[in-house]
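>>> have a look; sequence and predicted model below, questions after that.
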Amino acid sequence: MSRPSAPRWLGDPFASVADSVFNGSHEGIVVIDERQHIVMVNPAALRMLGCVASEALGQDLGHFIPAHRHAAHVGQLHESAASAPAEWLPPQVASLVGRRANGEEFPVAVTISRVDVAGELGTRHCFTALLRDLSAEHDQQAEVQALNARLRGIFDLAPTAIWIADGESIVYANRACVGLFGAADRDDLVGRSMYSVLKAESHATVKRQVALALSVDRPIPCLTERIARLDGGERDVEIAVAALPDHGRSTVQMVINDITERARTGRELEQSRARMQQLAAHQIQALEEERQRIARELHDELGQRLTALKLELVRCAREPTSAATGPAVDHLLAMVDDTVAAVRRLATDLRPAMLDDLGLNAAVGAGGPAWASGGRSRGSADPRCAGRGRRRSGWCRRRSRRAGRSRQAAGASRSGCHFGLRAR
């Protein structure tokens, strides 16, 4: 059967309908008769179907419906035909699919109404369909879904734990968050109250921070709190809270940075600083003891020798021609030599020259025999020997304390005027 050639407007009942109603509509309008032939179509519908009026008018509706959808669409029309007049069927956006003249399928929202028209042959039942092409909306939805998937992928790959909470409930957690809280899967966290994985002492602080983030439009300071992992462990964390825009006043994003190692390093640094302060105080005390020892050495040995020299010189000045003057001068010279030797010993005790040249071990080893003999026999009771012993023992103790910091050690023991030295 050849397709009838009909004008865009068919039948007198429609002749009075103003062209502006159809031509000016942004939605497609298609009218079909009881045989499901198109009897009226507006320009918007023609653009949607990709054809001209002569190709659409008189055409069977099935030509613009995909074959696999034809039975369902025809069933809807029969159901509408059996219903009461002027009954409106609700739009079915998701289930309706149209087919353009070139065979391309497209999603379409359709609102169908039945119109009863009186004609010469009696009442005719026609159907008016308002068509809205959803292709652009579907493309936008697909683009939004792709962007959401990309954004979710970016969040999942972030090395820092991130979760999103609506109210108190966690609605999203990335991979780093799953690992931080010791969960097997993100489902172990999603749906859980965020306060269930925070230490009890942190609840009040976090609630105040969340309320502040939802009430102001500026960055707020980070929190340093502790979390309770699902495996029973605890971690020190830094939490940054921010309200998500366009999500009402209940959704927040929380970036959780694990600072357990940093906190441990900070504690160790404080302990090290305390030890350094103790060491500095010990060094000050050692320096003070060294000053006291030097003052004692100067007073006990050099002071006494210089006083004796002065007394001998005064006696010689009073009796310049005495027969005892010659031996006295010899005695004075000996005392001067002993005083010079004492000054040298004091200087050596303070800083042996061999220490700079050979190092601690060699200096202690080379000085050991001289210190052991002390210039006296084993049974000597000369108090100067004891003084030298005290000085050398003190020098060894000082060197040992300083060498301990460079993994060296030295020690000395004294019995009378004799020293036993060990160095390693």
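Yep, that arrived.
>>> contacts only, for N42.
F22, N23, S25, G28, I29, V30 (Cβ atoms under 8 Å, 6 or more residues apart in numbering). The way it works is simple: take the backbone N, C-alpha and C, and place the C-beta from them, glycine included.
>>> and the residues you listed, which two are furthest apart?
Taking Cβ to Cβ, the two most distant members of these are N23 and V30; they sit 14.2 Å apart.
>>> in the sheet, who's paired with V108?
D133 (DSSP bridges).
>>> now for it, how many residues are close by?
22 (other Cβ atoms under 10 Å).
>>> ok, it - contacts?
M48, L96, V97, G98, L131, R132, D133, L134.
>>> just put those in JSON lines and tack on distance to G167.
Formatted as JSON lines, those follow (distance: Cβ to Cβ, whole Å):
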{"residue": "M48", "distance to G167": "44"}
{"residue": "L96", "distance to G167": "38"}
{"residue": "V97", "distance to G167": "39"}
{"residue": "G98", "distance to G167": "43"}
{"residue": "L131", "distance to G167": "42"}
{"residue": "R132", "distance to G167": "37"}
{"residue": "D133", "distance to G167": "39"}
{"residue": "L134", "distance to G167": "34"}
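>>> flag the least confident of the residues you listed.
Confidence by pLDDT is poorest for L96 among the contacts of V108, given 78.
>>> so how many other residues sit close to that residue?
Neighbour number of L96 under other Cβ under 10 Å is 20.
>>> so N174 sits right up against F155, yeah?
Yes - under the criterion of Cβ atoms under 8 Å, N174 makes contact with F155 at 4.8 Å.
>>> and the host helix or strand of G98, what other elements does it pack with?
Per DSSP states H and E: G98 is located in strand 97-99. Contact analysis of strand 97-99 by 3 or more Cβ pairs under 8 Å, 6 or more residues apart in numbering; DSSP states H and E lists strand 105-119 as its packing neighbours.
>>> show the average pLDDT along the strand it packs on.
pLDDT averaged over strand 105-119 gives 79.
>>> stretch 359-372 now?
Rounded mean pLDDT across stretch 359-372 is 63.
>>> also stretch 211-222?
pLDDT averaged over stretch 211-222 gives 89.
>>> what's the most centrally placed residue in the chain sitting at in phi/psi?
Geometric centre of the chain, nearest residue: N257, 3.5 Å, by Cα atoms, centre = their mean. With angles defined as degrees, to the nearest 10, N257 sits at phi -110, psi 120.
>>> likewise T251?
Dihedral angles (degrees, to the nearest 10) for T251: phi -100, psi 130.
>>> can you name the residues bridging to it?
When bridges are taken as DSSP bridges, the partners of T251 come out as D166.
>>> tell me the helices in the stretch 1-150 of the chain, going along the chain?
19-23, 43-49, 53-56, 67-81, 135-157 (DSSP state H, counting those that start in this stretch).
>>> turn the ones you listed into a markdown table, columns for mean neighbour count and distance to Q278.
A markdown table is the format used below for the helices of the stretch 1-150 of the chain (neighbours: other Cβ atoms under 10 Å; distance: least, Cβ to Cβ, whole Å):
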| stretch | mean neighbour count | distance to Q278 |
| --- | --- | --- |
| helix 19-23 | 12 | 95 |
| helix 43-49 | 20 | 87 |
| helix 53-56 | 16 | 97 |
| helix 67-81 | 13 | 86 |
| helix 135-157 | 11 | 47 |
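>>> which one of the ones you listed lies closest to E270?
helix 135-157 (35.5 Å).
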